[in-house]
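Show me how the following folds:
(chains A and B)
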2 protein chains.
Amino acid sequence: MSSATTQATDRVYNFSPGPAVMPLSVLEQIQKDLVALPGSGASILEISHRGKPFLAILEDAKRRLRDLLRIPSNYHILFLQGGARLQFSMVPMNLLRGASAPASYVLTGSWGIKALEEARREGPTHVAWDGRDTAYDGVPAWTGVPIPSDAAYVHMTSNETIEGVQFRDAPPAGLPPVVCDCSSDFLSRPIPVDRYALLYACAQKNAGPAGVTIVIVRDDLLERCGDSLPGYLNYRNHVEEDSLYNTPATFGIYVFGLIARWLEEEVGGLDAMRLRNERKARMVYDAIDESRGFYRGHARPEHRSAMNATFRLPDESREKAFLGEAEKIGLCSLKGHRSVGGIRASIYNAMPDEGVEQLCGFMRGFARRHGGGA
Amino acid sequence: MSSATTQATDRVYNFSPGPAVMPLSVLEQIQKDLVALPGSGASILEISHRGKPFLAILEDAKRRLRDLLRIPSNYHILFLQGGARLQFSMVPMNLLRGASAPASYVLTGSWGIKALEEARREGPTHVAWDGRDTAYDGVPAWTGVPIPSDAAYVHMTSNETIEGVQFRDAPPAGLPPVVCDCSSDFLSRPIPVDRYALLYACAQKNAGPAGVTIVIVRDDLLERCGDSLPGYLNYRNHVEEDSLYNTPATFGIYVFGLIARWLEEEVGGLDAMRLRNERKARMVYDAIDESRGFYRGHARPEHRSAMNATFRLPDESREKAFLGEAEKIGLCSLKGHRSVGGIRASIYNAMPDEGVEQLCGFMRGFARRHGGGA
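Numbers count the residues shown, from 1 in each chain, chains lettered A, B, ... in the order given. Next up is the predicted model:
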């Protein structure tokens, strides 16, 4: 790149909860081909979604995702728009309208609550578990969740970004169809896809830019999608047209494919990704636990998220100082969600070890300087 | 750019109907800053939609659009997802549910028909005008369209991409609220915004990459948006949250802003853009008209689209040869929509004069070589 091109060295460590850090090699690949995608003579931003170059990109993205997650052949992969927020409505519109029993929601944080709000507009609902009494500081053991055996579906959120709590284990086999919002831990580790009936994830944490939503849906669920649904909101239309029911977010799908390739070829797959993520998360939580109470994690230790570490300082004035000093040394977007406050370090797949090491070093130094322990 | 960067010289002339050609200077700007947006230390693909750098981008994009179209202050600008296809449903969900009179649709081509199909799921509809009997080769004079005075709204498509027909004039004042799908001629010319109650456009023709949909809605219409609507589908939510009801397509909004800047600063505004578009369209239609019937335009001359020129050759074998020879010299994506066949040259804002000149030269030569007139 010439000196006129903004350089990788201009980059900070970005702990944003989403849109979030991406692999540098992916960004450099996008940059390189931005004006003309090799072989197509036009930018990825310009090419038709029905032309051969894009269809090859779409197929490649689907194949890589199927390989990474070992998705069985009776599941469809869709690339939609509207974010998880639109899925909050599409799920009940497709799976709850006309159902004889309620949809059962497991509430482990803010996003699950919002999903339930939308389901209530569409049909009968049931709350199987609600972590409200302990401020959503953990997730339940599946054996302790009373799910009606005839529930239209069970809805869960595998990782709650705002509270920083995460399910360690997949739900057991034998439940009613499980629908999982896995927006913020998608592709961070292997999961047994066959335990779920439908998985959805907005891309902007681990899987691409904002504006693409990935849905993985088991074939038999499509029978429930009613003909009276608005066309765009009917999963069946997207399955029948292979994500080309209308013009999809072509650029986002292209970036998703590059990230899937990075996961396969540079990281070495989802087992390797999980180990890397666990190591990074342990570093942050160790810095919290070794601070003798200067940093107080929100989640109970056994339910801590490997993606979003949420914690408080002794008071808000030191939280403000923490954010200000961190920003000055290039550790950015560490502010907790406005609904809960405090600090949140989002350490998604693409956050390099060095970023976490710098954060932890800063945390230890800040605690020393500002009256904490160690 | 170093030699490792894919060059502008690798580019063809891309006549795709959308996603479509973009200004080269915009693509080069995106490329330059892709890895790190100056001042933010991260890629536009990575920055939070709630951080200052993106909020400045969002404000800038809105301000430029308001200036370009001279949008009155009682209209809101929204950046949504889901394409025009989702607007086909959102419009009647928001404006027709609970209305006492039907929505009235003016059908001038394929997209208007699809919009009507979705409206029919939501409430009573009425067809004010239908061009079917002449294969959608033109648009009506507004004086000849019997619109019920109490219609919930009137829906029109300002430019039909597939058939290549376009309204020259805005609807007159005094109609029921006019909703216009202007996806394929948005920002191609000035329009009197105050003649419309709601305008919507997917970005991937003249205004950005696929995955952003621009909605311009008059304030008083929001009173109709029912509280029972799914959250994402309620215009009111997006207005109240200033397009940040959920994570928007941040990259697409950024690109939209760059294109708006290009229109302002390089083109010189929408009057200049209209002149440029009219000149390009005249070149193509002259090549058709001078071919002594070798090329037959689909639209009646007075209703021809300045954006999409659709025409046939004497037979399908010559159409195939036309497409093949054109492609070989870098004139790409000229195939007509699969539903109508033939040739379609989409000559949106960003198609340079030279591209159109090369196309017209090729058309004349092809007609000579393959038995046409001239």
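
Could you use CA atoms for every contact and neighbour count after this?
Noted.

And what about residue A:254, helix, strand or coil?
With DSSP: H, G, I helix; E, B strand; the rest coil as the basis, the three-state label of residue A:254 is helix.

show me the contacts for it.
A:44, A:57-58, A:61 (Cα atoms under 8 Å, 6 or more residues apart in numbering or on different chains).

got a winner among these for most neighbours?
With neighbours taken as other Cα atoms under 10 Å in any protein chain shown, the top of the contacts of residue A:254 is residue A:44, carrying 27 neighbours.

That residue and residue A:211: what is the separation?
Applying Cα to Cα, to the nearest Å, the value for residue A:44 to residue A:211 is 15 Å.

related to what we said a few turns ago, just the contacts of residue A:254: which are in helices?
Applying DSSP state H to these, the entries found in helices are A:57-58, A:61.

What about chain B: which of those touch it?
By Cα under 8 Å from any Cα of the partner chain, no member of those lies near chain B.

Take these and write them to a markdown table, including pLDDT.
Output for the ones in helices among the contacts of residue A:254, formatted as a markdown table (pLDDT from 0 to 100):
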| residue | pLDDT |
| --- | --- |
| A:57 | 98 |
| A:58 | 98 |
| A:61 | 98 |
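
and which of these is nearest to residue B:106?
residue A:58 (35.3 Å; Cα to Cα).

thinking the closest one is in contact with residue A:252, fair?
No: with contact defined as Cα atoms under 8 Å, residue A:58 does not count as touching residue A:252 (10.5 Å).

hmm, back to that, which one of the contacts of residue A:254 sits closest to chain B?
Set against chain B, the nearest of those by Cα to the nearest Cα is residue A:44 (9.0 Å).

So the closest one sits against residue A:37, correct?
Yes: between residue A:44 and residue A:37 there is a contact at 6.0 Å, judged by Cα under 8 Å.

Which residues of the stretch 101-250 of chain A lie near chain B?
Within the stretch 101-250 of chain A, the residues that sit near chain B (Cα under 8 Å from any Cα) are A:118, A:121, A:204, A:208-211, A:228-232, A:246-250.

Swap in 6 Å and give it another go.
Contact residues, the stretch 101-250 of chain A versus chain B (Cα under 6 Å from any Cα of the partner chain): A:209-211, A:230, A:232, A:249.

okay, these in a markdown table with secondary structure next?
A markdown table is the format used below for those (three-state DSSP):
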| residue | secondary structure |
| --- | --- |
| A:209 | coil |
| A:210 | coil |
| A:211 | coil |
| A:230 | coil |
| A:232 | helix |
| A:249 | coil |
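
Next, give me the two most distant ones among those.
Using Cα to Cα, those span at most 26.0 Å, a distance reached by A:209 and A:230.

quick one, which of the two is more surrounded?
Neighbours per residue (other Cα under 10 Å) separate residue A:209 from residue A:230, with residue A:209 holding more: 30 against 21.

what kind of secondary structure is residue A:168 in?
Three-state call for residue A:168 (three-state DSSP): coil.

Would you enumerate the residues in contact with the closest residue to it other than its chain neighbours?
The shortest distance from residue A:168 to any non-neighbouring residue, by Cα to Cα, 6 or more residues apart in numbering or on different chains, is to residue A:303 (7.3 Å). For residue A:303, the contact set (Cα atoms under 6 Å, 6 or more residues apart in numbering or on different chains) comprises A:138, A:165-166.

Show me the shaky parts of the stretch 251-374 of chain A.
A:372-374 (pLDDT under 70).

Strands along that one, start to end?
Taking DSSP state E, counting those that start in this stretch, the strands of the stretch 251-374 of chain A run over residues A:296-297, A:308-312, A:331-332, A:343-346.

Make JSON lines out of those strands and add distance to chain B.
As requested, those are exported to JSON lines (distance: least, Cα to the nearest Cα, whole Å):
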{"stretch": "strand A:296-297", "distance to chain B": "23"}
{"stretch": "strand A:308-312", "distance to chain B": "15"}
{"stretch": "strand A:331-332", "distance to chain B": "9"}
{"stretch": "strand A:343-346", "distance to chain B": "12"}
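
how about CSV for those strands, with mean neighbour count added?
As requested, the strands of the stretch 251-374 of chain A are arranged in CSV below (neighbours: other Cα atoms under 10 Å in any protein chain shown):
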stretch, mean neighbour count
strand A:296-297, 20
strand A:308-312, 26
strand A:331-332, 22
strand A:343-346, 27
